[in-house]
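**Q** What follows is a protein structure lacking sequence information:
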């Protein structure tokens with residue numbers, strides 16, 4: 001009895017002292033710096049359920065990715081969902097991924113896509129921002145206190161402002177997204193297939209160059225690979241934030257944004273609160289052993 005009590009007491013002390021538990025391999029802090037509501041969508045390549053939620057302008061939320069997680073994140077815009085996220089007449093102008101708030105399929109094009117592959121047991125993570133499927137909002141991805149390359153990827157401008165007319169998607173006269181040349185023309189040259197599937201033959205075009213100008217740290221076409229390797233436990237994914245002007249940082253379980261409106265609504269969980277919550281199950285166990 002005394003030995004069991006000592007073991008549990010040690011565990012309790014470790015938890016309360018703030019030692020980090022690697023329950024989740026990576027935490028994504030999603031920030032909406034857009035002037036409008038967005039509905040981020042998340043789908044996983046492995047056996048984890050797809051998710052979707054509402055993010056008001058300036059709000060922040062977190063997504064915990066387990067070890068070995070691999071998936072895609074993007075913003076849906078102009079959505080109209082039925083009551084309680086139901087499927088009655090539910091649509092999105094861009095990024096639609098099914099009739100409900102939670103995604104039921106991969107996103108429709110065009111979208112600015114964030115791709116992540118989280119390493120196993122603390123190994124290297126892989127991430128990129130891709131415009132291969134088009135563009136709907138600027139996105140910047142920033143690792144926090146990572147080791148390795150760990151560069152910030154994403155856009156330095158808003159491609160909707162300079163989208164070629166033949167690629168533009170409009171709603172009420174306003175450009176809401178920019179399609180890829182592959183999606184519009186469906187040719188081997190633009191889609192890097194057939195005779196153009198070889199990396200030496202899959203070259204940039206005037207369309208992909210315009211994409212690259214707005215988002216220099218993003219993949220602009222099928223042959224443009226720009227994947228970053230990094231080891232970090234925290235990443236900020238900021239929608240409508242420019243890579244060279246990203247305004248949010250993550251410190252002590254809090255997202256801090258220099259934009260006053262963007263600093264509202266973030267979900268901050270202080271370390272002491274986590275320690276208390278983690279300690280509760282062990283408190284119950286201690287009580288059991290002491291009876």
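**A** Thanks, I have it. No experiment lies behind these values; they were computed from the predicted model shown. Residues are numbered from 1 along each chain as shown.
**Q** Could you use CA atoms for every contact and neighbour count after this?
**A** Will do.
**Q** Look at the closest residue to residue 214 other than its chain neighbours and report its pLDDT.
**A** Counting by CA to CA, 6 or more residues apart in numbering, residue 214 lies nearest to residue 157, which is 4.7 Å off, once chain neighbours are set aside. For residue 157, the pLDDT comes out at 94.
**Q** What is the neighbour count of residue 157?
**A** 23 (other CA atoms under 10 Å).
**Q** OK, contacts around it?
**A** By CA atoms under 8 Å, 6 or more residues apart in numbering, the contact list for residue 157 reads 138, 214, 215, 242.
**Q** just checking, the third one touches residue 156?
**A** Yes: between residue 215 and residue 156 there is a contact under CA atoms under 8 Å: 5.5 Å.
**Q** Mind checking which of the two has more residues around it?
**A** Each of residue 215 and residue 156 has its neighbours counted (other CA under 10 Å); residue 215 has more, 27 against 22.
**Q** what's near enough to touch that one?
**A** The contact partners of residue 215, by CA under 8 Å, 6+ apart, come to 154, 155, 156, 157, 159.
**Q** and the gap between it and residue 175?
**A** Using CA to CA, to the nearest Å, residue 215 is found at 17 Å from residue 175.
**Q** got the contacts of residue 215 as JSON lines, with secondary structure and distance to residue 189 columns?
**A** Output for these, formatted as JSON lines (DSSP: H, G, I helix; E, B strand; the rest coil; distance: CA to CA, whole Å):
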{"residue": "154", "secondary structure": "strand", "distance to residue 189": "25"}
{"residue": "155", "secondary structure": "coil", "distance to residue 189": "25"}
{"residue": "156", "secondary structure": "coil", "distance to residue 189": "27"}
{"residue": "157", "secondary structure": "coil", "distance to residue 189": "26"}
{"residue": "159", "secondary structure": "helix", "distance to residue 189": "22"}
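**Q** Output those in JSON lines; the columns should cover distance to residue 209.
**A** Output for those, formatted as JSON lines (distance: CA to CA, whole Å):
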{"residue": "154", "distance to residue 209": "15"}
{"residue": "155", "distance to residue 209": "13"}
{"residue": "156", "distance to residue 209": "14"}
{"residue": "157", "distance to residue 209": "13"}
{"residue": "159", "distance to residue 209": "11"}
